[in-house]
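1. I need the structure of the sequence given here:
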Amino acid sequence: MRRASCAAILAFISALAKGQALAPTEAPTAALATFIGTIRLDGVLDEPAWAQAGVIADLTQQSPKPGEPTRFSTEVRILADKSHLYFGITCTDPDPERIAVHTMQRDGNMRGDDTISIVLDTFHDHRTGYFFEVNAAGVRRDGLISDPNAESASLDWDGIWDVAVRRTATGWTAEIALPAQTLRFVKRATGQWGFNIQRYVAREQLTLRWSGTTLDSNLLDMRRAGNLDGVCCLDQGWGLSVSPFLLGRYEVDQVTDHSFTKGQAGLDVGYHISSQLDGVLTINPDFAEVEADTRQVNLTRFALFFPEKRPFFTDGANFFDFGLDLQDTFIPFYSRTVGLYNDRIIPITAGLKAVGREGAWGIGALDVQTRDVYGVPATNMAAGRVTYDVNENLRVGAIGTNGNPDGRTDNSLAGIDAVWQTASFHGDKNLGFGLWATRGFGDLGEGDRNAWGVKVQYPNDLWNLQGSVKQFGDALDPALGYLPRPGTRQYTSYIAYQPRPRGGLFSGVRQFFFEIYPVLVTDLHGQTESFRVFTAPVNLQTQEGDHYEANYAPEYQRLTEPFEIAPGVVIPTGSYQFHRFRVQIESSDARPLSAGGTVWFGGFYNGNLTQVEGFVKWTEGSGHLQLALNMENDYGYLPEGDFIFRLWQLKTVYAFNPNLLLSAFFQYDSESQDLGVNARLRWTIQPGDDLFVVWNRGWKHPVSERAPDLLVPEADQIIVKLRWTFTR
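-> Next comes the predicted model:
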């Protein structure tokens, strides 16, 4: 039974393979034009050079009805000089008053906005690339591409580039400038990159695209991209960038009334070792401007996952990706372990990184030295990743880490992996296989130090099938990685049938998602530790973008030691089987006011648990002001005791313009009884030059005491940071 789901998926895919394969569609090609002169970014394509640009006359509907005509035309013009690649896009809209804008925040949520997205495969390896997106207010979002089947790019990377938009009587226009020094690329005489462009019309949930216009095509899948010719003219210059910063910090402990003021300076130096390979040196870095982590409620026995946000680690992070879609079950190199220990920030003295490609080789190397503080000795931590493209489908690689954030014990890890993927299975379907193995070394104790896994995936629009088996030794403890459940063997499968009604009774439904997601976890001797079968008998998205879902999830947990789920509430050892249910309703992000709610209810170990989550988001018509409220309330009723967890979050953003934003992020959770605010002013003077003013404050909410003050101040922190960038 343990292998039944995976076997069913393999059998289904094998049956599909017997069908007659179709010839893949030939990728389209566009040629840019070179010019000498100046492009002024103002959203108006009035410079003479635009008349000579390479032109894509229109885009094709990709979703919901591939290839059918629409009321929206899109013209794309492409230019380049020695230092920049330019895109000029004209978006015609029959009802421009309804163009949707909900954010002016860099890397903000644009799911409900009218947008233009560009992807560039600068190595032309059909696997990795850059993602750039802009909405109708001129807000930038960017990221790195490493997984062709991912729902989104890794958006933590921030490149230096610029854009200007202009609303017109017939729609909107955008001028985008990408500096050559922002990109890593292969300098070839042919000057050809992979390239695709997409337009999204939010109110119609309509996607228009240049290449890859089937429902099975993902914008991030560079195998389905077209070709951009003529980029051989781009010159990265010396490839040198120098980014110094100055920082002033004032902190006060409101409890002890102790305060201090501190000044700090640091430096980042980047250099293009080759046109494809970059080196970065950071000295005395500080990441005070990074937004605070989003708090989470943990109702499990395992560590939570938090994404990396620090720029030094996010740039080039895709070169350290390992295996096929491991997600957060196992990450051999988890950069958040560097410079953080026991929830305390450990200052970094210096760090050195090299990321990029050399021919068929992909390279990621990082070395960081931390300081001796808080009783943690100074220590050195390093990670390295190498990949080799055997052919257009197969990539093999190796990874290694060395060092321990505790500064006292030895810890290292080595691993190998292989990933085979295609976008032309059975003609034009996606199919992938991955396998990997790792071993830990150092002060790990007795036991199994090995881990391995295999996965098959068939991620397509009508059928989305996944199956995997992973095993993690009980002595495996990757100090620079993330592994929440060592000593287990994990079987997962996922089957989703996702039809799109063509009319009739269900004409208001855009797509159904009938899902079953079984997960079985055993110990290394085969005894079950837990299983869960998530099902979605009702899951649909309407033509307007609203979402309705009902779920049933039977679950089993075996506790080998007591589990304290809340202070004073300890679930004893034993086996527990229970049933969970969920109802979820969410309105479309394209509306100025959107809201949603989720309720999980049913059994929980030897009692009951009800989880109520909700959100409300409102955006002022022009996108300048946005308010978002999220709430989670968990009510547990167990024989060992009752508990209530509350997590409330309020985010406010006011944008004077896309380059000057004021935001405040309030978070309260009942477990810590702490209310915190992270307020930030960010002024992008010009791309690469930024001024940050950050205010952090914490209050204690003594819910268990009859205190005269509802909120008691704990700490204040004010930070001013100026960063600028010189390139040559």
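
2. What residues does the most centrally placed residue in the chain make contact with?
-> Centroid-nearest residue in the chain, with C-alpha atoms, centre = their mean: S154, separated by 4.1 Å. By C-beta atoms under 8 Å, 6 or more residues apart in numbering, S154 lies in contact with G143, L144, I145, S146, T314, A317, N318. C-beta coordinates here come from the backbone N, C-alpha and C atoms, glycine included.

3. Out of the residues you listed, which one has the lowest pLDDT?
-> Confidence by pLDDT is poorest for S146 among these, given 80.

4. Let me see the ranges of the helices in the stretch 51-200 of the chain.
-> Assigned by DSSP state H, counting those that start in this stretch, the helices in the stretch 51-200 of the chain number zero.

5. List only buried entries from the contacts of S154.
-> Among those, the ones that count as buried by 16 or more other C-beta atoms under 10 Å are G143, L144, I145, S146, T314, A317, N318.

6. Tell me which two of the contacts of S154 sit farthest apart.
-> Using C-beta to C-beta, these reach their maximum pairwise distance at I145 and T314, which is 13.6 Å.

7. shaky segments in this structure?
-> Along the chain, segments meeting pLDDT under 70 span 1-25, 188-190, 275, 703-709.

8. and the lengthiest strand in the chain, which residues are buried?
-> Longest strand of the chain, by residue count under DSSP state E: strand 641-657. Judged by neighbour count (16+ other C-beta under 10 Å), strand 641-657 contains these buried residues: F643, F645, L647, W648, Q649, K651, V653, Y654, A655.

9. next one: stretch 436-451
-> W436, A437, T438, R439, G440, L444, D448, R449, A451.

10. What's the separation between the residue nearest to T542 when sequence neighbours are not counted and Q543?
-> The spatial neighbour of T542 that comes closest, neighbours along the chain excluded (C-beta to C-beta, 6 or more residues apart in numbering), is G508 at 5.6 Å. G508 is 6 Å from Q543, where distance means C-beta to C-beta, to the nearest Å.

11. higher neighbour count, the two?
-> Taking neighbours as other C-beta atoms under 10 Å, G508 and Q543 compare with Q543 leading, 15 against 11.

12. Can you tell me, leaving aside adjacent residues, what's nearest to that one?
-> Spatial nearest neighbour of Q543, chain neighbours left out: R510 (5.1 Å); criterion: C-beta to C-beta, 6+ apart.

13. Kindly report the same for G487.
-> Per C-beta to C-beta, 6+ apart, closest to G487 is D474, 3.3 Å.

14. What of M381?
-> Spatially, and ignoring its direct neighbours in sequence, M381 is nearest to G403 (3.3 Å; C-beta to C-beta, 6+ apart).

15. Give me the neighbour count for the one you found.
-> 24.

16. just the helices in the protein please.
-> Ranges of helices in the chain, per DSSP state H, are 4-17, 48-51, 311-314.

17. now the strands for the stretch 1-150 of the chain?
-> 29-31, 33-34, 54-56, 60-63, 74-80, 84-92, 115-121, 129-135, 140-145 (DSSP state E, counting those that start in this stretch).

18. could you redo these as a markdown table and give each row distance to I571?
-> A markdown table is the format used below for these (distance: least, C-beta to C-beta, whole Å):
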| stretch | distance to I571 |
| --- | --- |
| strand 29-31 | 61 |
| strand 33-34 | 68 |
| strand 54-56 | 60 |
| strand 60-63 | 46 |
| strand 74-80 | 57 |
| strand 84-92 | 56 |
| strand 115-121 | 46 |
| strand 129-135 | 44 |
| strand 140-145 | 40 |
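
19. hey, which of those is tucked in deepest?
-> Compared across those, strand 129-135 shows the largest average neighbour count, a mean of 25 (mean count of other C-beta atoms under 10 Å).

20. Export that strand to PDB, keeping only CA atoms.
-> Written as PDB, here are the backbone C-alpha positions of strand 129-135 (Å, rounded to 0.1, in the frame of the first residue of the first chain):
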ATOM      1  CA  GLY A 129      16.600  32.700 -16.200                       C
ATOM      2  CA  TYR A 130      15.500  36.100 -15.000                       C
ATOM      3  CA  PHE A 131      11.900  37.200 -14.300                       C
ATOM      4  CA  PHE A 132      10.900  40.900 -14.500                       C
ATOM      5  CA  GLU A 133       7.300  42.200 -14.000                       C
ATOM      6  CA  VAL A 134       5.700  45.600 -14.000                       C
ATOM      7  CA  ASN A 135       2.200  46.700 -13.300                       C
END
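
21. Thank you kindly, that will do.
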